[in-house]
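Student: fold the following.
(one chain, ligands or ions: 1)
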Amino acid sequence: MNYLNDLAAYLEGLKSEGRYRTLKVWESGSDTWMVLNGRKILQMSSNNYLGLTNHPKLKQAAIEAIDKYGVGSGSVRTITGTLDIHEELEIELAKFKGTEAALVFQSGFTTNQGALSAVLGPDDAVISDELNHASIIDGIRLTKATRKIYAHKDMDQLEAVLKETQHHRKRVVVTDGVFSMDGDIAPLPDIVQLAEAYDAIVYVDDAHASGVLGKNGKGSTDHFGLHGRVHIQIGTLSKAIGCVGGYVAGAQLLKEHLIHSARPFLFSTSQTPAVAATCLAAIQVLRDSSDLVTRLWDNTGGFRADLQRLGFDTGASETPIIPIIIGDPATTMRFSDRLLEEGVFAQGIVYPTVAMDKGRVRLIVTAQHTKEDLAFALNSLQKVGREFGLIS
Ligand code: PMP
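Tutor: Here you go, the predicted structure:
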């Protein structure tokens, strides 16, 4: 059997549905304007919320770390791979998140895989929002816990599931803090209240909330004033923090448990010195000033209001993630391509990442966008939106 024939047939299927993708190869670093095929394009799809990828203090920290420690850490954390900068980063992250401890992983994705599979046993139940990120879904798949999914942000369903799972050893309610495809915020106060009423654990993935929500970008727990009431906070170091990596913030005992049982932590080489030092510098930048977070929200509020005034459907967005809902996959991808011709990149997101009729281009506003950048994006969106009959 030629297995490549099967792969070719699968890819042809994607092409016929307008879902086939070629990778865009950018010729400059992550910034508001990036070079693609020799042309400057306004970037409206990067997770670099605060523009930290190019912050001078972060770059300097990376250079100094390479000089001092070299480029690799040499092994997993439990052998030679824990450097003093890894430990310092964890201390700063715990302070930033208001928890006893934090533990760093190589990515947000592996953080969810490691934490969920370590925390959930066969006698437990995990209760998850239907729109939670793929890394949560995969993390749950690695466990033998009973799985329950509740409709997006539906607190009645969550309560019903909490009632029905009371005989399980422990119940863990898992939610994104900010949902990555719609940019809406989880109703964390309600989730915490229900979890307390039914003695369940709350697990929040703040990948898109860290550096964005809360004082100085401390995340959704801080945003809602729920310190001490959210048991497990997940963050990524690859979005607002501007580098790469992930972490769990919570109790010291949780950290010690994960050190002994989270498989990506145990069996995959630790963050490089430059990465650890960069992330540490980023947390210090956030800790010392709220200016970037304030700019991010100023840009977000104005831009979303402008889009809505033009008549675009921005879905449930409450954060810098602003989708423009378009519909079927082929039209969505054509819209994104057409926008690129105008000099603006907004990623088309289609089935199976979102429902078949809920294809969208996902815009992400950052603190670094100037008023002129956002006006340029708006003009281009208006032009293409009219061509597609999305707005009048
Ligand atoms: N959780 C959520 C909610 C995310 O959106 C992402 C990023 N795609 C991740 C986890 C994974 O983070 P990372 O990119 O750092 O692996």
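Student: and the helices in the stretch 51-200 of the chain?
Tutor: 56-69, 84-97, 108-119, 134-141, 155-164, 188-197 (DSSP state H, counting those that start in this stretch).
Student: output the below-cut-off pLDDT ranges for the stretch 251-392 of the chain.
Tutor: Along the stretch 251-392 of the chain, the model assigns pLDDT under 70 to no residue.
Student: what sits against whichever residue of it sits closest to the ligand?
Tutor: When scored by Cβ to the nearest ligand atom, the stretch 251-392 of the chain has Ile321 as its residue closest to the ligand, at 9.4 Å. Glycine gets a C-beta too; all of them are placed from N, C-alpha and C. Contact analysis of Ile321 by Cβ atoms under 8 Å, 6 or more residues apart in numbering lists Val178, Ser180, Met181, Asp182, Gly183, His208, Arg362, Leu363, Ile364.
Student: which of the residues you listed are close to the ligand?
Tutor: With Cβ under 6 Å from any ligand atom as the criterion, the contacts of Ile321 include Ser180, His208 near the ligand.
Student: looking at the contacts of Ile321, which is nearest Val104?
Tutor: His208 (18.6 Å; Cβ to Cβ).
Student: residue of this structure closest to the ligand, please.
Tutor: Of all residues in the chain, Gly108 sits closest to the ligand, at 2.3 Å by Cβ to the nearest ligand atom.
Student: tell me the secondary structure for the residue nearest the centre of the chain?
Tutor: The residue lying closest to the centre of the chain (Cα atoms, centre = their mean) is Ala207, at 3.5 Å. In three-state terms, and counting by DSSP: H, G, I helix; E, B strand; the rest coil, Ala207 is coil.
Student: look up how far Gln308 lies from it.
Tutor: Ala207 sits 26 Å away from Gln308, taking Cβ to Cβ, to the nearest Å as the criterion.
Student: what of Asp205?
Tutor: For Asp205 relative to Gln308 (Cβ to Cβ), the value is 28 Å.
Student: can you show me the strands along the stretch 201-350 of the chain?
Tutor: Listed in chain order, the strands of the stretch 201-350 of the chain (DSSP state E, counting those that start in this stretch) span 201-205, 232-236, 246-250, 321-327, 344-345, 347-349.
Student: didn't Thr272 look like it was pressed against Ser73?
Tutor: Yes. At 6.0 Å, Thr272 counts as touching Ser73 under the criterion of Cβ atoms under 8 Å.
Student: can you name the residues of the protein that neighbour the ligand?
Tutor: For the chain, the residues in contact with the ligand (Cβ under 6 Å from any ligand atom) are 107-109, 112, 133, 135, 176, 180, 205, 207-208, 236, 238, 246.
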